[in-house]
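Engineer: Everything below, folded, please.
(one chain, ligands or ions: 1)
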Amino acid sequence: MSNENKSIHEFDFNLICEYFSSLERQGPGSPEVTIKALSFIDNLTNESRIADIGCGTGGQTMVLAQHVPGHITGIDLFPAFIDLFNFNAAKLNLQGRVKGIVGSMDNLPFRNEEFDLIWSEGAIYNIGFERGLNEWRKFLKTGGYVAVSEASWFTEERPAEIDAFWQDAYPGIDTISNKVARMQKAGYIPVATFILPENCWTEHFYAPQVAVQEIFLKKYAGNKTAEELIANERHEAQLYYKYKEYYGYVFYIGMKI
Ligand code: SAH
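Structural biologist: A predicted model of the protein is given here:
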């Protein structure tokens, strides 16, 4: 990669970070859904250790912390997200048991069997569902839980336009039954799966982006990278409204055996 490309790449990276830092969540979800997923998990105490992988700025982590005992470590690749994460934890007076660290999900700095629960909302796709479940398993105690949300197909077949979009964005997208089979093969009892309701996309993910997009387009008027980023986000939202009966996010909860 030439220096010129590198600087363009870094600029993109900073811009994307700035855009998503302005949002409470960096993926579809809601406090109600986090609490619902938690309702399938029953082994937590004050001594419990929980990891939230690809935690972003911690929207879901803070909800988790307010509903479970124990210590939570959030980990994300982007330092700007972790700064906000730790700021948010302090604002809620959770800094004593909620800590954000910078790191990558494909090289986690954890000990074997360290955790009672591994959480990851809308982030495991970065290394792939199957690889993540396989590689993260060693960090869980036997009887510990994994809870991840992931883009999934609701039907066996779907229109070509949305199929092509996802094959490009995340070829790992698959049907719910295939994902559950993968979870089982990776060494977990599939405890529960449920589809995230539409408001996780509309109200909690796409709606807050509308105002951020307006501000961004003004701030970066004439900037091609910013315009392309926003055009992409808008296109993705339009596709969701058009094809939401064919795909969505699904929570998968498993217990390590
Ligand atoms: N869990 C948050 C964020 C989801 S967006 C929420 O639901 O709101 C996906 C997150 O994964 C982003 O914060 C991104 O920075 C992070 N990410 C991407 N690649 C990563 C990696 N290799 N290791 C850790 N985090 C990563």
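Engineer: Which helix or strand contains the closest residue to residue 77 other than its chain neighbours?
Structural biologist: Closest residue to residue 77 in three dimensions, ignoring its sequence neighbours and counting by C-beta to C-beta, 6 or more residues apart in numbering: residue 104, at 5.4 Å. C-beta: built from backbone N, CA, C; applies to glycine. Secondary-structure element containing residue 104, defined by DSSP states H and E: none, the residue being outside all helices and strands.
Engineer: List phi and psi for residue 104.
Structural biologist: Here the main-chain torsion angles of residue 104 (degrees, to the nearest 10) amount to phi -110, psi 140.
Engineer: what residues does this protein put near the ligand?
Structural biologist: Within the chain, the positions adjacent to the ligand are 25-27, 29, 54-56, 59-60, 76-78, 81, 104-106, 121-123, 126 by C-beta under 6 Å from any ligand atom.
Engineer: In which helix or strand does residue 120 reside?
Structural biologist: When elements are assigned from DSSP H and E, residue 120 belongs to strand 115-121.
Engineer: again but with residue 27, I slipped
Structural biologist: Element membership for residue 27 (DSSP H and E) is empty, with no helix or strand holding it.
Engineer: Can you tell me the closest non-neighbouring residue to it?
Structural biologist: Nearest non-adjacent residue to residue 27, counting by C-beta to C-beta, 6+ apart: residue 122, 2.7 Å away.
Engineer: Surely that neighbour and residue 149 touch.
Structural biologist: Yes. Under the criterion of C-beta atoms under 8 Å, residue 122 is in contact with residue 149, at a separation of 5.5 Å.
Engineer: list the residues that contact both of these two?
Structural biologist: The contact sets of residue 122 and residue 149 overlap at 27, 28, 29, 249 (C-beta atoms under 8 Å, 6 or more residues apart in numbering).
Engineer: Good, wrapping up.
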